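Trainee: pasting the sequence and the predicted model now:
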Amino acid sequence: MAAAAGGMLSVHGFSEQLCGVCVHFHLLTMSGSFLLWVGAAPTPSLSNLAVAMCTRLDPTPVSSLILGDASDTTPTSIAQRLAKKTGKQVFVSYNLPSSNTSLSLEVENRIKQEMETNPDKF
């Protein structure tokens, strides 16, 4: 698919066995932003959606949960960290049990690994 420059979209997907769960990652990159879907189901669904972006007023990116359970801070936390790292507007849909902290840590490590391996996809 075409690169995300000049209004084009780029799609990238990868999967990994983490803590006994086959986790799927789907990345839709746009000019200046990207959406990361994370889940165990082979068919993506948006049970939650968070957005984060950097501002000139605060070193911590601002974030908001657009869709989902407000008591689950996992998607907003991941979106904030990715926005800070990339400087882009980041949308995250995290569709795994947030009660499994080991899985959440493995997911974030796998995202970091993919960013190092394929920085052009983010």
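Mentor: Looks like it arrived, so ask away. Owing to the predicted nature of the structure, the values given are computational and were not obtained by experimental measurement.

Trainee: low-confidence bits of this protein, can you list those?
Mentor: 1-7, 42, 44 (pLDDT under 70).

Trainee: can you give me the helices in it?
Mentor: 74-86, 101-117 (DSSP state H).

Trainee: quick one: contacts of stretch 96-108?
Mentor: Contacting residues not belonging to stretch 96-108 are listed as 18-19, 21, 23, 38-40, 72-74, 78, 81, 94 [C-beta atoms under 8 Å, 6 or more residues apart in numbering]. Every residue, glycine included, has its C-beta placed from N, CA and C.

Trainee: and if we set it to 10 Å?
Mentor: Stretch 96-108 is contacted by residues 16-21, 23-25, 38-41, 47-48, 69, 71-75, 77-78, 81-82, 94 when judged by C-beta atoms under 10 Å, 6 or more residues apart in numbering.

Trainee: which of those residues fall in strands?
Mentor: Residues of the contacts of stretch 96-108 located in strands (DSSP state E): 16-18, 21, 23-25, 38-39, 94.
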